[in-house]
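Trainee: Quick one, fold the following:
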Amino acid sequence: MELKKSEEANNERLRYPMIFVGMLFTGSLVLASFTYSTPAKDKGDSQVAVRDTDAAFEEDVKVEDPPETPEVEQQAPITPPPQEVIKEKETEPEPPPRDPTPPPPPIPPGPKLQPKVKAEIVDFPDVEAAFPGGAAAMKKWIQQNVNYPEISRELGDQGRVYVTFVVEPDGSITGVGVMRGGVTEELNREAKRLVRNMPKWTPGSVKAQPVRARCRLPITFTLQ
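Mentor: Now for the predicted structure:
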């Protein structure tokens with residue numbers, strides 16, 4: 001049995017190729033129309049040929065140029081005028097005014113003070129120095145003011161101590177020492193203490209003038 005192809009099936013198969021060929025032909029015509037241009041007449045100035053398609057496009061679409069902004073002139077920065085530096089005049093200090101009065105003359109040095117030299121000690125004055133009230137008053141004073149050393153009491157020490165000293169012109173006593181002592185150091189020390197604590201004596205004198213007189217005094221220590 002022989003199969004027959006229908007005409008509609010053949011047309012349907014050729015439909016798409018024909019559409020493609022038609023679109024290709026139309027595109028070529030459009031491209032040719034855009035690429036075709038007419039030469040412009042030369043009026044002495046060299047002008048560029050304007051395509052018809054470009055002119056038609058310019059008629060349809062109008063592009064407005066943006067308004068020109070006025071150019072602002074850039075001003076140079078204003079620099080202040082240089083200030084004149086006023087140099088202060090270096091003022092020299094004024095010298096102090098001179099005193100018209102001359103300085104006083106220097107005071108001449110006075111005589112040098114020489115150290116006082118103590119007068120010579122007289123061993124045997126015209127009038128001997130004496131305890132105020134005499135020998136009896138001196139003996140009584142010693143008995144009232146003696147401090148017998150404890151160690152000497154315990155050991156039974158007793159004896160006589162000879163004390164030497166100087167009676168000054170004002171009656172005070174200086175230079176107390178033991179001339180000779182045959183007892184103990186404790187009794188010698190107590191004898192010197194008694195003489196130093198005595199009241200002022202009556203000074204010795206030579207030709208009615210008080211002098212430094214040396215005196216010797218025995219002090220006896222006895223146990224009762």
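
Trainee: Show me where this protein has its helices.
Mentor: For the chain, helices defined by DSSP state H occupy the ranges 7-35, 52-60, 134-145, 150-155, 185-196.

Trainee: Looking at these, which is nearest to Gln209?
Mentor: helix 134-145 (22.7 Å; C-beta to C-beta). (C-beta placed from N, C-alpha, C; glycine too.)

Trainee: buried sites along the closest one?
Mentor: Across helix 134-145, burial judged by 16 or more other C-beta atoms under 10 Å covers Met138, Trp141, Ile142.

Trainee: Looking at these, which one is closest to Glu120?
Mentor: Met138 (26.0 Å).

Trainee: would a markdown table of the helices of the chain with distance to Glu168 and mean pLDDT be doable?
Mentor: Listed next are the helices of the chain as a markdown table, based on distance: least, C-beta to C-beta, whole Å; pLDDT from 0 to 100:
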| stretch | distance to Glu168 | mean pLDDT |
| --- | --- | --- |
| helix 7-35 | 156 | 72 |
| helix 52-60 | 149 | 44 |
| helix 134-145 | 18 | 95 |
| helix 150-155 | 31 | 92 |
| helix 185-196 | 13 | 94 |
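
Trainee: Skip the chain neighbours and tell me the closest residue to Asn145.
Mentor: Leu194 (6.3 Å; C-beta to C-beta, 6 or more residues apart in numbering).

Trainee: Report the contact partners of that neighbour.
Mentor: Ile142, Asn145, Val146, Ile219 (C-beta atoms under 8 Å, 6 or more residues apart in numbering).

Trainee: wait, isn't Asp157 in contact with Asn188?
Mentor: No - contact criterion C-beta atoms under 8 Å: Asp157 and Asn188 do not qualify, at 10.8 Å.

Trainee: still on that earlier bit, quick one: which of the contacts of Leu194 is nearest to Arg15?
Mentor: Once C-beta to C-beta is applied, the member of the contacts of Leu194 that ends up nearest Arg15 is Asn145, at 171.0 Å.

Trainee: I'd like the distance between that closest one and Pro17.
Mentor: 170 Å (C-beta to C-beta, to the nearest Å).

Trainee: What residues are bridge-paired with Pro210?
Mentor: When bridges are called by DSSP bridges, Pro210 pairs up with Ser205.

Trainee: Hmm, Ser152 is touching Leu187, no?
Mentor: Yes - with contact defined as C-beta under 8 Å, Ser152 reaches Leu187; the gap is 5.8 Å.

Trainee: Which residue of those two possesses the greater neighbour count?
Mentor: Leu187 (23 against 19; other C-beta atoms under 10 Å).

Trainee: excluding its backbone neighbours, what's nearest the more buried one?
Mentor: Closest residue in space to Leu187, ignoring its immediate chain neighbours: Phe221 at 5.3 Å, by C-beta to C-beta, 6+ apart.

Trainee: Verify the contact between the one you found and Ser152 for me.
Mentor: Yes - Phe221 sits in contact with Ser152 when judged by C-beta under 8 Å, with a separation of 7.3 Å.

Trainee: Need the overlap of contacts for those two.
Mentor: By C-beta under 8 Å, 6+ apart, Phe221 and Ser152 have these common neighbours: Gln158, Leu187.

Trainee: still on that earlier bit, in JSON lines: the buried residues of helix 134-145, plus distance to Gly204.
Mentor: Putting the buried residues of helix 134-145 into JSON lines (distance: C-beta to C-beta, whole Å) gives the following:
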{"residue": "Met138", "distance to Gly204": "16"}
{"residue": "Trp141", "distance to Gly204": "20"}
{"residue": "Ile142", "distance to Gly204": "21"}
